[in-house]
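J.: What would the 3D arrangement of this be:
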Amino acid sequence: MNEMYKQSGIQERVYAFGKKVEEALKERFEKIDETAEYNQLKVIQAMQKNKLSDIHFAATTGYGYNDLGRDVLESVYADIFKAEAALVRPQITCGTHALTVALAANLRPGDELLSPVGKPYDTLEGVIGIKPDEDGNIVKGSLAEYNISYRQVDLLPDGGFDLEGIKKAINEKTKLVTIQRSKGYQTRPTLSVERIGQLIAFIKEIKPDVICMVDNCYGEFVERMEPTEVGADICAGSLIKNPGGGLAPIGGYIVGKEEYIEQCAFRLTAPGLGKEVGATLGLNQSLFQGLFLAPSVTAGALKGAIFAANIYEKLGFSVIPNGTEERYDIIQAVTLGSKEAIVAFCRGIQAAAPVDSFVVPEPWAMPGYHSDVIMAAGAFVQGSSIELSADAPIEEPYAVYFQGGLTWYHAKLGILMSLQKLAEDNLVTL
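T.: Model prediction:
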């Protein structure tokens, strides 16, 4: 095996270091496989319950009336998430789009949006209108332009919820609470489904009619439960992350209570049309098959994240989560401390890719982000973050965010290659 890694450019000292780390993780990996097995059965049972057949793979065009596959796919998602209804569409272009649809559908002028877990992901700043645009004006099309206000309560320094702050922030205008499960470009802990449930229960005790929405990106199938099982009214995410299993070429999902999902459907298409339109253009088979594979694909990505944490923790870097913590999403943050180290890490991930392995990543001004960003992703689906990828804002504390890997073996190669590049540039000592 060492010879094969040599042919990929991994030196013996790097391979040996990784091998030692991997051997210590066998028991941990077995537990991940158990969760994947549980979730695999959950997916199969949902497909069987809804009598999935090859007729549901047929393509529809135009309006997409009577798209049987689309309707069954949404029923399957609702069953997996134990939700009343689901909206699963290729017309939802990304996770940010799914969240935007859910927010715009369920908020009205004069309402207030509350984030009790700190600042949301960078791309949502424009959606909400947290900051003005480049000309100092309210961002066009943002919630702020529609007179929907925003309030935020940061997490405590230890990552806990500021319950007193949340209690004070909730008022008569508070219509919807958005809870971001994953850390995003932050070094805070990712929230477990259990903690999300506790937060929702606390909020509902203060204001029972408030809508609680969870940004579930990167968290699907990591645990045996999803946020809709612990009180979330809406849960949204992307099909080019965990639930697409690497096969979905596009799409997003929104699941939750029927009244809120109906509003989402009217916002995505048009009032009066809702879920009745939206052709799937022959994508149903990929969406079903990707969902079928998602539990095992997510397990491989989880193993890669844990492997990365243990590799870099042993080298003295700060990692979140650390090498022994429980996992609630597939993202691994590694604080490398310098721009040079971030660039080397990302170039290693890119060099390990099956697609565009010859490309050399460089930082650039990516739309939606407030600093230059470097991204590594030699993916079959552009922007897919269930495939092996890494990205980092070029700013303090110079942390890189690693995720994905359609197989554990590819994730392993990517991490070893990132270490190889750091070693070649004398940025680590093995």
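
J.: quick one: strands adjacent to the top strand by length along the chain?
T.: Secondary structure of the chain read by DSSP state E shows that its longest strand is strand 174-180. Next to strand 174-180 in the sheet, as set by DSSP bridges, lie strand 112-115 (parallel), strand 211-215 (parallel).

J.: Dump those into a markdown table; add mean neighbour count as well.
T.: (Glycine included, C-beta is placed from N, CA and C.) Putting the strands paired with strand 174-180 into a markdown table (neighbours: other Cβ atoms under 10 Å) gives the following:
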| stretch | mean neighbour count |
| --- | --- |
| strand 112-115 | 22 |
| strand 211-215 | 26 |
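
J.: wait, which of the ones you listed is closest to Tyr253?
T.: Tyr253 lies closest to strand 211-215 among the strands paired with strand 174-180, at 12.1 Å (Cβ to Cβ).

J.: ok, then the element right after the closest one?
T.: Per DSSP states H and E, the first helix or strand lying C-terminal to strand 211-215 is strand 234-238.

J.: which secondary structure elements does that following strand contact?
T.: Identification of packing neighbours for strand 234-238 by 3 or more Cβ pairs under 8 Å, 6 or more residues apart in numbering; DSSP states H and E yields helix 95-106, strand 211-215, strand 252-256, helix 258-268.

J.: Among those, show me which one is buried the most.
T.: With neighbours defined as mean count of other Cβ atoms under 10 Å, these peak in mean count at strand 252-256, which reaches a mean of 30.

J.: hang on, the earlier thing: put together TSV for the helices and strands packed on strand 234-238, with distance to Val193 on each row.
T.: As requested, these are exported to TSV (distance: least, Cβ to Cβ, whole Å):
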stretch	distance to Val193
helix 95-106	18
strand 211-215	9
strand 252-256	14
helix 258-268	19
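
J.: Quick one, which of those gets closest to Ala46.
T.: Closest to Ala46 of these is strand 252-256 (Cβ to Cβ; 12.0 Å).

J.: Okay, now the unreliable bits of the chain?
T.: The chain contains residues with pLDDT under 70 at 368.

J.: can you list the domains in it?
T.: As given by automatic domain parsing, the domain ranges for the chain are 2-40+292-424, 59-283.

J.: Which of those domains sits closest to Leu52?
T.: Set against Leu52 and scored by Cβ to Cβ, the domains of the chain come closest in domain 59-283, at 6.1 Å.

J.: what about that closest one, start to end distance?
T.: Between the opening and closing residues of domain 59-283 there is a gap of 7 Å (Cα to Cα, to the nearest Å).

J.: do the same with stretch 108-128
T.: This stretch, stretch 108-128, spans 13 Å end to end (Cα to Cα).

J.: Can you get me the centre-to-centre distance for it and its chain?
T.: Going by Cα atoms, centre = their mean, to the nearest Å, the spacing between the C-alpha centre of stretch 108-128 and its chain's C-alpha centre is 17 Å.
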